[in-house]
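>>> next comes the sequence, and after it the predicted model I'd like to discuss.
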Amino acid sequence: MKLYELTEEWLQIIEALDSEEIPPDIASRLSQIESDITRKIDGCCRMIKGYEASSTGYKAEADRLTKLANGSTSRAAWLKKYIKEEMERLEETKIETPLFNVAIQCNSSVSVSVINESAVPAEYDRPVERQIDKKAIAEAVKAGKTVPGTEVSRGTHLRIR
């Protein structure tokens, strides 16, 4: 049986019992269900630990591959910069090789550098999105204050040791 089926059977038996005294056959079945539930939860916890271990390994491999990718990206960018600088020194804008045509071209859009931020008119400011400090709200509620527009709750989680 599945864990949810065992739980459902347990709850149905408990709900059906009218008296405080449990008949021996029902007590035996409840004991068996409890044992099965414990075994099922143990199996689930073993699977959780296996998945967590796999996840850790996958994350480590992803980090390793990300470092390799970043290294390749950096080397490619350095080589592009190197070729561009040397072509500029040679005053060449286009070079053809047996496999590639290399050209220095203008960018498709302009580049803006802000030299003096205070001199730029306010019409060029971006609106800043409001950010609410939830930690400050939690501290205020902990101190006994009520913060309008908020609801504070304490959730639960499963801990496996």
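Received, thanks. Residues are numbered from 1 along each chain as shown.
>>> use CA for all of it now, contacts and neighbours both
OK.
>>> which regions of the protein lie under the pLDDT threshold?
The chain contains residues with pLDDT under 70 at 19.
>>> next one: Met1 from Ile14, what distance?
18 Å (C-alpha to C-alpha, to the nearest Å).
>>> scratch that, Ile83 is what I was asking about
On the measure of C-alpha to C-alpha, Ile83 and Ile14 end up 79 Å apart.
>>> would you confirm that Ala138 contacts Glu151?
No. Look at Ala138 against Glu151 with C-alpha atoms under 8 Å: they stay out of range, at 9.8 Å.
>>> comparing the two, which residue is more hemmed in?
Ala138 (17 against 10; other C-alpha atoms under 10 Å).
>>> what's in contact with stretch 127-140?
Thr146, Val147, Val152 (C-alpha atoms under 8 Å, 6 or more residues apart in numbering).
>>> repeat that for 6 Å
Outside stretch 127-140, not one residue touches it by C-alpha atoms under 6 Å, 6 or more residues apart in numbering.
>>> can you name the next helix or strand after the longest helix along the chain?
If you go by DSSP state H, the chain has its longest helix at helix 24-89. With elements assigned by DSSP states H and E, the helix or strand that comes after helix 24-89 is strand 94-96.
>>> any buried residues in the helix or strand that that next one is followed by, and which?
Sequence-wise, the next helix or strand downstream of strand 94-96 (DSSP H and E) is strand 101-103. Within strand 101-103, no residue qualifies as buried by neighbour count (16 or more other C-alpha atoms under 10 Å).
>>> give me the most central residue, this structure.
Lys59 (11.6 Å; C-alpha atoms, centre = their mean).
>>> just to revisit the earlier point, neighbour count: Met1 and Ile14, which is higher?
It is Ile14, of Met1 and Ile14, that has more neighbours when counted by other C-alpha under 10 Å, with 13 against 10.
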